[in-house]
Every structure is written in C-alpha cells, then in structure tokens.
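> the sequence isn't on hand, but the structure is:
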C-alpha cells in the first residue's frame, strides 16, 4: 500500500472549517483514499472514502486532486467533539485488504 | 443494527495467565480484523480472518498469540502466558463479504492490563 504523509497536529476554532491535508504521491490506480478518526480511548470511526471524485457525506467532504497525489478532508463546522486523531489511509481495491494506520493528525478544536 | 461488539471492555490478568478477547462482527459481516494499540502509540494490524480461515496473520507475534473465527460464534483473540508488554487496547473491525470498497467498522476495544 502507498504511504501517506500528514501534519502531526492542527488547531481549529470551534465553528470554523477544519481542512486536514494528506499527501499520497505514490498512490496507484486501484487504491482508495480512506479517512478515519479516533477520539480518545474509542475505536476508530469511519468518516469517508473516495477514489478520484470528490465525496461528501453527513460528516465531511473529501477533495482529491486531479493527479490523486493529495487529498483534503474538510469538516465544515468543527465542534469540540471533533477533537481527535485523524488518519488518512490508502487501501488497495483487493478483497479483504487490511487498513494500515500511520501516525495521523491530531486535530484540536477549541472554543 | 448493532455495531461491532467487543467483550470484555476491560480485562486484568496476572503475568502467565491467558487472555481471551471476543469480537462479534456486525450483522452480515464475514471479515474480521484485529488491531493492537500500545499506550501512546498507533494502531497496528495483527490478523485478518474470514469464517474458519486465517487470511493474513502478518502482524501477529510469532508466539503466544492466536486468533480464530469459527463458523458459529464470535472471533476470539487468545494470548497465552501474558506478559506486561501485552498491556494494550485491542480493537476488532469487521466488513461485509465483498470488502473491497467497504469501510471497516471498529468496536470500542478491549483494554488488557497485565499486572
């Protein structure tokens, strides 16, 4: 699986948009971009995933660059409960491949 | 629709005892993955199982650890002769039969403390 690079930490004011970047310059054509987060002491929570088109759901938006070498997770109106470690993961389109977690970005949302 | 259920939530064992961690996947999910998270560290993949088969155990320690996912019942992660270094949070995740483009859904983990 391709590796990802994320900033170790970011801060965001409550109510503002949080934009979390991820570089995956070695991504291959059959690899999806997944985003998970882990709130302290809980299990990882799925947020969103995409292949090449931008995606949006009730939690977030995922913007993938045209060359697919980077992506941005957008939380449109961050709240204190969004404070967590956010993981960007690329995963091959093969049956049963596991997710390999990196160090992620610690997002701190403050009032 | 219940999520991934793990039990117990907390488990305390003395050195040398056995630990058995259980994971019931979401309804309709036949793929199970186990991860370990040591204190202040990231999540490490351990093993991937389908019903009655181990598909990928590349992250499992070579000794004392085993996993199974029988035809009936939960998946079990078994740690024999536990040592203090086994103290960690163990997370289970599941995905549907065709897991290629499906996200993994995680339970809230079992926190193992070895005294």
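Nice, thanks for sending it over. The structure displayed is predicted, hence computed values, not measured ones.
> rest of the way, CA atoms for contacts and neighbours
Noted.
> does residue A:63 sit in a helix or strand, and which one?
strand A:61-64 (DSSP states H and E).
> how far does that strand sit from its chain's centre?
9 Å (CA atoms, centre = their mean, to the nearest Å).
> avg pLDDT for that strand?
For strand A:61-64, mean pLDDT rounds to 98.
> I'd like the next helix or strand past that strand.
Assigned by DSSP H and E, the successor of strand A:61-64 is strand A:70-75.
> which element is the spatially most central residue of chain B on?
For chain B, the residue whose C-alpha lies nearest the mean C-alpha position (CA atoms, centre = their mean) is residue B:34; its distance is 3.6 Å. Assigned by DSSP H and E, residue B:34 falls within strand B:29-37.
> residues touching that strand, excluding its own?
A:96, A:98, B:25, B:43-51, B:69, B:75, B:77, B:88-97, B:99 (CA atoms under 8 Å, 6 or more residues apart in numbering or on different chains).
> who does the helix or strand following that strand pair up with?
Counting by DSSP H and E, the next helix or strand C-terminal to strand B:29-37 is strand B:43-50. Its sheet considered, strand B:43-50 pairs with strand B:29-37 (antiparallel), strand B:53-56 (antiparallel) by DSSP bridges.
> quick one: name the residues of chain A near chain B.
A:32, A:41-46, A:49, A:92-103 (CA under 8 Å from any CA of the partner chain).
> tell me which of those fall in strands.
When these are checked against strands (DSSP state E), the matches are A:32, A:45, A:46, A:49, A:92.
> pull out the buried positions in the strand holding residue A:63.
Within strand A:61-64, the residues that count as buried by 16 or more other CA atoms under 10 Å in any protein chain shown are A:61, A:62, A:63, A:64.
> would you list those residues in TSV and tack on distance to residue A:26?
Formatted as TSV, those follow (distance: CA to CA, whole Å):
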residue	distance to residue A:26
A:61	22
A:62	19
A:63	17
A:64	14
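> now for those: which two are most distant?
Pairwise distances across these peak at 9.9 Å for A:61 and A:64 (criterion: CA to CA).
> spit out the residues that contact those two alike.
residue A:54.
> pLDDT weak spots in chain A?
In the predicted model of chain A, residues A:1-2, A:93-96 satisfy pLDDT under 70.
> most centrally placed residue in it?
Closest-to-mean residue, chain A, CA atoms, centre = their mean: residue A:35 / 3.4 Å.
> skipping adjacent residues, who's closest to that residue in space?
Spatial nearest neighbour of residue A:35, excluding adjacent residues (CA to CA, 6 or more residues apart in numbering or on different chains): residue A:88 at 4.7 Å.
> so what's that neighbour up against?
So residue A:88 contacts A:4, A:6, A:22, A:33, A:34, A:35, A:36, A:101, A:102, A:104 (CA under 8 Å, 6+ apart).
> the residue lying closest to the fourth one once chain neighbours are set aside: neighbouring residues, count only.
Same thing as residue A:33. The shortest distance from residue A:33 to any non-neighbouring residue, by CA to CA, 6+ apart, is to residue A:90 (4.6 Å). Using other CA atoms under 10 Å in any protein chain shown, residue A:90 has 26 neighbouring residues.
> right, and residue A:90 touches residue A:5 too?
No - when contacts are counted by CA atoms under 8 Å, residue A:90 is not listed as touching residue A:5 (10.9 Å).
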